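Trainee: fold the following, please.
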Amino acid sequence: MPEIVEVVEIDGDPYGVAVDAAGMVWCTLAERGAIARWDGAQLETFGLEPADGSPTVILADGKDLWFTEFRGNRIGRIGPGGACEFLPADSPYGLCVAPDGALWYTELNANAVVRRDPGGALDRYAVEGMPSTIAAGPDGTVWFTLNQANAIGRITAAGVLTVQPLPTEAAAPVGITARADGAWFVEIGAGQLGHIPAEGAATAEGTATAGGTVTEFPLPDRAARPHAVVAGPDGALWFTEWASSRLGRMTVDGTVTGLSLPGAEPHGLTFAPDGSIWVAMESGALVRVRPDTVC
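Mentor: Numbering: from 1, shown residues only. Presented below is the predicted three-dimensional model:
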């Protein structure tokens, strides 16, 4: 069974969490306007200026860390030496790095998805419905949730944009993860997980096909308000249940279990190089969980 093996208390409200190649745990403190780092023994907090930018999503990409400041209208990058630089963006929220090294991010209020290539050139895709979280698949396709449009968007490596409506009304998808079998996402408004297969999800003309049919998986607690989701090495999906303070797990056969977490309002989660899972608790902590697949 999964078990909690570490709790790091933080004076702040952790939202996003990432673990770098060295095993350092980083998180955003949205209301405090800061980034925190846990090295296994010491917690350091780095204030941002100005402090009202609402840092939210964070990811580790090789030697760099990237994070979005939704209200600050910028994206931050922390290099290996600790230097921080910023790129302008319009209400950025979700971000990911594709296999070709391009940085993708969503602009929540501007209704756009943006690709920034390694040289700095931008490609902008207009899409209505509050694009939120974004994830890149192994084939270069990026998938993203459209929280207010109740849909999932998809942009292929060739730049073809399609939008797939969800069958459940007011599902309000937020978190999403991508892998070879397509995209998996959580519906915070409906208490469900959803899946769109990679094959047949869109045609070259940009219309959804039968192969892109959405499959939804209701949770035992439909009021749990699932927020973020990641795929484990065993194929299972792990997700945070914001309203019920649990870490959920759905196996490949659809079995759902949950682990109660200390504190309240779990948001982001990520796998560490050692196979453990870190969860950001907005109530003021980072929680490390050892899955039952880890010895």
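
Trainee: how about the CA coordinates for stretch 247-267, as CSV?
Mentor: The C-alpha coordinates for stretch 247-267 follow below in CSV (Å, rounded to 0.1, in the frame of the first residue of the first chain):
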residue,chain,number,x,y,z
LEU,A,247,-4.1,11.2,-3.3
GLY,A,248,-6.1,9.0,-5.7
ARG,A,249,-4.8,6.2,-7.9
MET,A,250,-6.5,4.5,-10.8
THR,A,251,-5.0,1.3,-12.1
VAL,A,252,-5.0,0.2,-15.8
ASP,A,253,-8.1,-1.9,-15.1
GLY,A,254,-10.0,1.0,-13.7
THR,A,255,-9.7,0.2,-10.0
VAL,A,256,-9.6,3.4,-7.9
THR,A,257,-8.1,3.8,-4.4
GLY,A,258,-7.1,6.7,-2.3
LEU,A,259,-4.7,7.8,0.4
SER,A,260,-5.7,10.4,3.0
LEU,A,261,-3.2,13.3,3.1
PRO,A,262,-2.3,15.5,6.1
GLY,A,263,-3.5,19.0,5.7
ALA,A,264,-5.9,20.3,3.1
GLU,A,265,-6.3,21.3,-0.6
PRO,A,266,-3.7,19.2,-2.5
HIS,A,267,-2.9,20.8,-5.8
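
Trainee: distance from that stretch to the middle of the chain?
Mentor: 16 Å (Cα atoms, centre = their mean, to the nearest Å).

Trainee: list the buried residues of it.
Mentor: Neighbour counts over stretch 247-267 (16 or more other Cβ atoms under 10 Å) mark 247-250, 256, 258-259, 261, 263, 265-267 as buried. Bear in mind the C-beta positions are built from the backbone N, C-alpha and C, glycine included.

Trainee: over to stretch 21-36?
Mentor: Buried-residue list, stretch 21-36, by 16+ other Cβ under 10 Å: 24-30, 32-36.

Trainee: now the two most distant members of the buried residues of stretch 247-267.
Mentor: 250 and 263 (22.6 Å; Cβ to Cβ).

Trainee: flag the shaky bits of the stretch 101-250 of the chain, pLDDT-wise.
Mentor: Along the stretch 101-250 of the chain, segments meeting pLDDT under 70 span 199-212.

Trainee: at 90 instead, please
Mentor: 198-213, 233-235 (pLDDT under 90).

Trainee: and the strands in it?
Mentor: Ranges of strands within the stretch 101-250 of the chain are 103-107, 112-116, 122-126, 131-136, 142-146, 151-155, 161-165, 173-179, 182-187, 192-197, 215-218, 226-231, 237-241, 246-250, based on DSSP state E, counting those that start in this stretch.

Trainee: just tell me which of the ones you listed ends up closest to residue 97.
Mentor: Using Cβ to Cβ, the strands of the stretch 101-250 of the chain put strand 103-107 closest to residue 97, at 5.7 Å.
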